[in-house]
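Participant: Predicted model and sequence below, questions to follow.
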Amino acid sequence: MDGEEIADLLSEIGRAFKARLRSLPDSPAKDLSLPQRDVLKMIGRRPGVTPAQIGERMGRDRAQITRLVSELQEMGLIERTRSTQDRRSVVLNLSPDGTALFARMLKRRAGLSQIMLSDLTDTETQTLKSLLQRLRGTLKGPSIS
């Protein structure tokens with residue numbers, strides 16, 4: 001199997017995982033779009049993140065992030081506050097409702113992750129994790145020509 005096939009498999013697994021997660025009955029985030037879910041997850045994992053940091057991580061422009069943040073704020077899921085370090089900037093945190101939703105999302109994700117890995121031994125799971133971390137590190141490293 002060459003690199004192209006591995007890249008395709010990783011993409012397919014990611015898409016299948018997300019599709020399965022969305023199709024679970026009573027999905028906690030069923031009323032959110034995928035980009036809204038991604039922003040909510042990013043804020044939940046990195047409280048105090050800025051919109052610029054989210055845009056950089058998601059590869060989306062400022063206008064898209066501003067719209068997504070506004071939508072989530074209107075839903076009562078996130079809160080914007082002025083940065084104490086740079087008054088021109090805002091930081092984002094989950095609201096109490098957003099925190100509760102994020103916790104339910106993580107619980108559902110963990111359950112599906114267990115199912116996905118259920119055919120692997122503990123050693124295989126650790127090996128897979130280690131290899132994927134190495135691949136991620138390689139991609140985050142210097143530019144690939």
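Facilitator: Cool, the structure landed. Residues are numbered from 1 along each chain as shown.
Participant: From here on, just use CA atoms for contacts and neighbour counts.
Facilitator: Fine.
Participant: can you give me the strands in this protein?
Facilitator: In the chain, the strands defined using DSSP state E lie at 78-82, 90-94.
Participant: Turn these into CSV, columns for mean pLDDT, mean neighbour count and distance to Glu71.
Facilitator: Below are the strands of the chain laid out as CSV (pLDDT from 0 to 100; neighbours: other C-alpha atoms under 10 Å; distance: least, C-alpha to C-alpha, whole Å):
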stretch, mean pLDDT, mean neighbour count, distance to Glu71
strand 78-82, 93, 17, 9
strand 90-94, 95, 22, 13
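Participant: Would you format the ones you listed as CSV with distance to Gly59 included?
Facilitator: Shown next, in CSV, are these (distance: least, C-alpha to C-alpha, whole Å):
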stretch, distance to Gly59
strand 78-82, 21
strand 90-94, 18
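Participant: which residues of the protein fall in helices?
Facilitator: For the chain, the helices defined by DSSP state H cover 3-23, 34-45, 51-58, 62-74, 96-117, 122-140.
Participant: wait, which of these is closest to Asp86?
Facilitator: helix 51-58 (13.1 Å; C-alpha to C-alpha).
Participant: buried ones in the closest one?
Facilitator: 51-52, 54-55 (16 or more other C-alpha atoms under 10 Å).
Participant: Tell me the one among those nearest to Ile43.
Facilitator: Closest approach to Ile43 among those (C-alpha to C-alpha): Ile54, at 8.3 Å.
Participant: right, and that closest one touches Leu40 too?
Facilitator: No - shown here, Ile54 and Leu40 do not form a contact pair, counting by C-alpha atoms under 8 Å, at 10.1 Å.
Participant: Can you tell me what sits against stretch 114-123?
Facilitator: Identification of contacts with stretch 114-123 by C-alpha atoms under 8 Å, 6 or more residues apart in numbering yields Thr125.
Participant: pLDDT below threshold where in this protein?
Facilitator: For the chain, the stretches flagged by pLDDT under 70 are 1, 142-145.
Participant: returning to what we had before: tabulate the helices of the chain in TSV, adding columns for distance to Arg82.
Facilitator: Below are the helices of the chain laid out as TSV (distance: least, C-alpha to C-alpha, whole Å):
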stretch	distance to Arg82
helix 3-23	33
helix 34-45	15
helix 51-58	12
helix 62-74	14
helix 96-117	18
helix 122-140	30
